[in-house]
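Chemist: Following is a predicted model, sequence given first.
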Amino acid sequence: MKKIPNEKIQRICELRQEGLTETQIAQHEDVQVSQPTVSKHLKEQKYIKEIQNKDKQLKAAKTEIVGLKATISLIETDLQAVKSKIEEIESSK
């Protein structure tokens, strides 16, 4: 199978968004490839978008984890300060 230019793949996706069927896209003057080729490229683009969305979710989760670790660190520091204060009060009795 010969390589399809990115512009043609982009046009396939645009035509799909406009509501054309795979057969109509394959026959469109801007595309003119086989229906299985259209189907293959639409599936590939779908998977690429899914991967990009998962990547965004992963980055957001990592950012949230960093924030939670910082919060835990602050809580641990506060807890240590409270513990020290309690020990100070108990030792002064």
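Modeler: Happy to help now that I have it.
Chemist: where do the helices sit along this protein?
Modeler: For the chain, the helices defined by DSSP state H cover 6-17, 22-27, 35-91.
Chemist: which one of these is the most hemmed in?
Modeler: Highest mean neighbour count of the helices of the chain: helix 22-27, a mean of 17 (counted as mean count of other CB atoms under 10 Å). Any C-beta I mention is one placed from the backbone N, CA and C, and that applies to glycine too.
Chemist: if we can go back for a sec, mind putting the helices of the chain into a markdown table with mean pLDDT?
Modeler: As requested, the helices of the chain are arranged in a markdown table below (pLDDT from 0 to 100):
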| stretch | mean pLDDT |
| --- | --- |
| helix 6-17 | 92 |
| helix 22-27 | 93 |
| helix 35-91 | 96 |
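Chemist: The nearest residue to His28 once chain neighbours are set aside: what's it in contact with?
Modeler: Leaving aside its sequence neighbours, His28 sits nearest to Leu15 (CB to CB, 6 or more residues apart in numbering; 5.8 Å). Applying CB atoms under 8 Å, 6 or more residues apart in numbering to Leu15 gives the contacts 24-25, 28, 30-31.
Chemist: I'd like to know which of those is nearest to Ile9.
Modeler: Ile9 has its nearest neighbour among the contacts of Leu15 in Val31, at 9.4 Å by CB to CB.
Chemist: can you count the residues close to the closest one?
Modeler: 21 (other CB atoms under 10 Å).
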